[in-house]
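Visitor: got a sequence here, can you model it:
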Amino acid sequence: MLDILLINPHRFMRPGCIWRGLNQKLPPLGLGYLAAVVEREGFKVRILDLSVWGEGKIRRDLRKVFSRFPARFLGVTATTPEIGSALGVARIYREVHPQSRVVFGGAHPSVMAEELISDPGVDLVLRGEGEDSLPRLLKGENPARIPGVVGKNGEAKTEKIPAPEIVDLDNLPFPAYHLLPMKKYTPPLGGYRELPATSMLISRGCPYRCSFCAPESISRRVRFRSPRAIIEEIKLLQRDFGIREISFYDENFTLNPKQVEELCRRLMDQRIRLSWSCRTRVDLVDAEILGLIRKAGCHQIGYGIESGDEKTLEYLHKDFRLAEIHSALEKTRKAGLEIRASFILGTPGETEESLTRTLELSRHPAIGIAFYNILVPLPGTPIFREALARGDLLSRDFDDYDGSQALLKLPHLSPARAGAAYRQAYRKFYFRPRIWKDRFMRIRSLRDLMTVLRAGKNLCQM
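Guide: Numbering: from 1, shown residues only. The predicted model follows:
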């Protein structure tokens, strides 16, 4: 019997969601770190990543697969759009192994712990970072004495006490990649140049206060890994899994310029052949850092621009202005980096004029890839709380929270108009000869070709 089986649930995407056609499959690094920590403590652990399973396989084989993995604990992670799927998976596991205790963690459970613990299929919820609390549970410690644990019937009384944050990230083992199906992972279409590819993190935490982000789901205390440890992990991925490309999935990759500079110097000095991409803010780049990451192998940078309207940027608490956006776009283009930009449609206060400004900015000639989402009022965010208080939420079914449909009543933008703008944005951006020529020039395999064709079909069906 395992001590714990960790589950990454499958996300069922509805027709009309652009992510259905992008073939994004990334390793669940949070579960990877947890598995590595409990394995280091001597416990038996496995990971089942259902995100790489087809929906047919989940419906057909899940009970049979679960029967092979009895465990004292079942650990399930979930974001908000995945929570329905995660609860369904947990119920099935409990039917197969009724003696197991079900523990939930991750972004959504950290914010909605008190609501989630009322579900009959959930025994415990771990809020925040779980590398300290999970091993203590497995060792048999009373849940009421473990910070960050929420339980039923008075079992855990520390629900308002946060779990301790990992201060020195270098003390964590590398994620348990050997427990993950590494050959099945790829970044989204347009997000890589070489395969095999995977993702990595070089920090934890975010100091910013965007109003669409829940403060309980991510620490405001930023901690950085050392460039030495990052390089060691890259070498492990290359040696054991043949990785040729890495997507650094930190929201603010260039937040610590000294860390990035040393990392780039080490990559170049050690002649590590690696293609890579990253994400950051437009106010965290300059010509020097952009030129350096380009020399070190970066080919693409992602910016969360969100809007082309000053008032909307202010409402979202982005803390940068349109002038900074334009400056970053031009500097990035001059550095020879491809730009992947994301935009939010349908924020409170959105008008036809602000919407038009956003769509026009998104077609800036420097932007090679654009992603659009209709605003998702995630639980725990200021936007969610305001909408709940005003009675403006159109749905509490979290399966709807995939960014493809309007979830808020807005005075100047109907749900139908927001949906039409979402579809129009993708079509106007991608149905241009320059974009399709660029996509086809990047095809390196039959798999790439099929992904491009599938994405095109998805756009046509939106």
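
Visitor: so Pro377 sits in a helix?
Guide: No - looking at Pro377 with DSSP: H, G, I helix; E, B strand; the rest coil, it is coil, so not inside a helix.

Visitor: for it, grab phi and psi.
Guide: Dihedral angles of Pro377 (phi, psi; degrees, to the nearest 10) stand at phi -80, psi 80.

Visitor: ok, it - contacts?
Guide: For Pro377, the contacting residues are 212, 383-384, 387, 393, 407-408, by Cβ atoms under 8 Å, 6 or more residues apart in numbering. No exception for glycine: its C-beta is placed from N, CA and C like everyone else's.

Visitor: need the residues you listed in TSV (columns: secondary structure, neighbour count and pLDDT).
Guide: Putting the contacts of Pro377 into TSV (DSSP: H, G, I helix; E, B strand; the rest coil; neighbours: other Cβ atoms under 10 Å; pLDDT from 0 to 100) gives the following:
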residue	secondary structure	neighbour count	pLDDT
Phe212	coil	21	94
Ile383	helix	24	96
Phe384	helix	21	96
Ala387	helix	19	95
Leu393	strand	15	96
Leu407	coil	25	96
Leu408	strand	24	97
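
Visitor: and the two most separated of those?
Guide: Phe212 and Leu393 (14.2 Å; Cβ to Cβ).

Visitor: do you know how far Arg417 is from Ala366?
Guide: 28 Å (Cβ to Cβ, to the nearest Å).

Visitor: ok, Arg68 - how many residues close by?
Guide: Look at Arg68: counted by other Cβ atoms under 10 Å, it has 8 neighbours.

Visitor: who's in contact with it?
Guide: Contacts of Arg68 (Cβ under 8 Å, 6+ apart): none.

Visitor: how near is it to Leu50?
Guide: Distance, Arg68 to Leu50, using Cβ to Cβ: 15 Å.

Visitor: ok, now Lys409?
Guide: Using Cβ to Cβ, one obtains 34 Å as the distance from Lys409 to Leu50.

Visitor: which one of those two is surrounded by more residues?
Guide: Leu50 (21 against 15).

Visitor: residue contacts, Pro9?
Guide: Contacts of Pro9 (Cβ under 8 Å, 6+ apart): 50-51, 76-78, 82, 85-86, 89.

Visitor: looking at it, Phe69 is touching Leu5, isn't it?
Guide: Yes - look at Phe69 against Leu5 with Cβ atoms under 8 Å: they come within range, at 5.0 Å.

Visitor: looking at the two, which is more packed in?
Guide: Using other Cβ under 10 Å as the criterion, Phe69 and Leu5 rank with Leu5 on top: 23 against 17.

Visitor: how about the secondary structure of the more buried one?
Guide: Assigned by three-state DSSP, the conformation of Leu5 is strand.

Visitor: can you give me the helices in the stretch 101-250 of the chain?
Guide: Under the criterion DSSP state H, counting those that start in this stretch, helices of the stretch 101-250 of the chain are mapped to 107-111, 113-116, 133-138, 227-241.

Visitor: then the shortest one to CSV, C-alphas only?
Guide: Output of helix 113-116 as CSV, limited to C-alpha atoms (Å, rounded to 0.1, in the frame of the first residue of the first chain):
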residue,chain,number,x,y,z
ALA,A,113,-11.0,25.7,2.3
GLU,A,114,-14.1,26.2,4.6
GLU,A,115,-16.5,25.6,1.7
LEU,A,116,-14.6,22.6,0.3
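
Visitor: just the buried positions in that helix, please.
Guide: 113, 116 (16 or more other Cβ atoms under 10 Å).

Visitor: which helices and strands does it pack with?
Guide: In terms of contacts (3 or more Cβ pairs under 8 Å, 6 or more residues apart in numbering; DSSP states H and E), helix 113-116 is packed against no helix or strand at all.

Visitor: burial measure for Ala418, as a count.
Guide: Residues contacting Ala418 under the criterion other Cβ under 10 Å number 21.

Visitor: what's the most buried one of the helices of the stretch 101-250 of the chain?
Guide: Comparing those by mean neighbour count (mean count of other Cβ atoms under 10 Å), helix 107-111 ranks first with a mean of 24.

Visitor: export that helix as CSV, just CAs?
Guide: Extracted in CSV, the C-alpha atoms of helix 107-111 (Å, rounded to 0.1, in the frame of the first residue of the first chain):
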residue,chain,number,x,y,z
ALA,A,107,-4.9,27.3,-5.4
HIS,A,108,-8.6,26.8,-5.2
PRO,A,109,-8.6,24.8,-1.9
SER,A,110,-6.3,27.3,-0.3
VAL,A,111,-8.9,30.1,-1.0
